[in-house]
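Peer 1: Structural data only, the sequence is not supplied:
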């Protein structure tokens, strides 16, 4: 196998960069890598939050009782977290809301701030007097 002069020059240049780089395996390399990472833009984060909130709201809307509860959904994709707020009438509704929120995105954390307040039964002791 014959190697041309150009191929040899390229091979030597690449090996020099790879093996003699002052940044190879050093703290300086880690710093350069960190500087080259671009932060997520605020607009992109807000859009991603809105999309996740929309997805969770759509899942909650599939359950009539939860839809009527009008839960407040907040998403924070930077924390991979969904916060649920509001009031429902039972623990099973609360659990269902959390389950639906978790199903919106794999691995998402759900911050459950839902309050359970049972519906008060009507007071029957004040019935009309009998004649």
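Peer 2: Great, that's in hand. Just so we're clear, the structure is a prediction, and the values are computed from it rather than from any experiment. Numbers count the residues shown, from 1 in each chain.

Peer 1: Which parts of the chain are strands?
Peer 2: Applying DSSP state E to the chain gives strands spanning 72-76, 81-88, 109-116.

Peer 1: Reformat these as CSV; add distance to residue 58 and mean neighbour count.
Peer 2: Every C-beta, even on glycine, is put in place using the N, C-alpha and C of the backbone. What follows is those, written out as CSV (distance: least, CB to CB, whole Å; neighbours: other CB atoms under 10 Å):
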stretch, distance to residue 58, mean neighbour count
strand 72-76, 10, 18
strand 81-88, 13, 18
strand 109-116, 16, 14
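
Peer 1: out of those strands, nearest to residue 60?
Peer 2: Residue 60 lies closest to strand 72-76 among the strands of the chain, at 7.2 Å (CB to CB).

Peer 1: Partner strands of the closest one, with direction?
Peer 2: strand 81-88 (antiparallel) (DSSP bridges).

Peer 1: Tell me what angle the partner strand forms with strand 109-116.
Peer 2: If you take axes from the mean of the first three to the mean of the last three CA atoms, to 10 degrees, strand 81-88 sits at 10 degrees to strand 109-116.

Peer 1: helices and strands of the chain: which one bottoms out on pLDDT?
Peer 2: In the chain, no helix or strand scores lower on mean pLDDT, DSSP states H and E than helix 27-36, which sits at a mean of 55.
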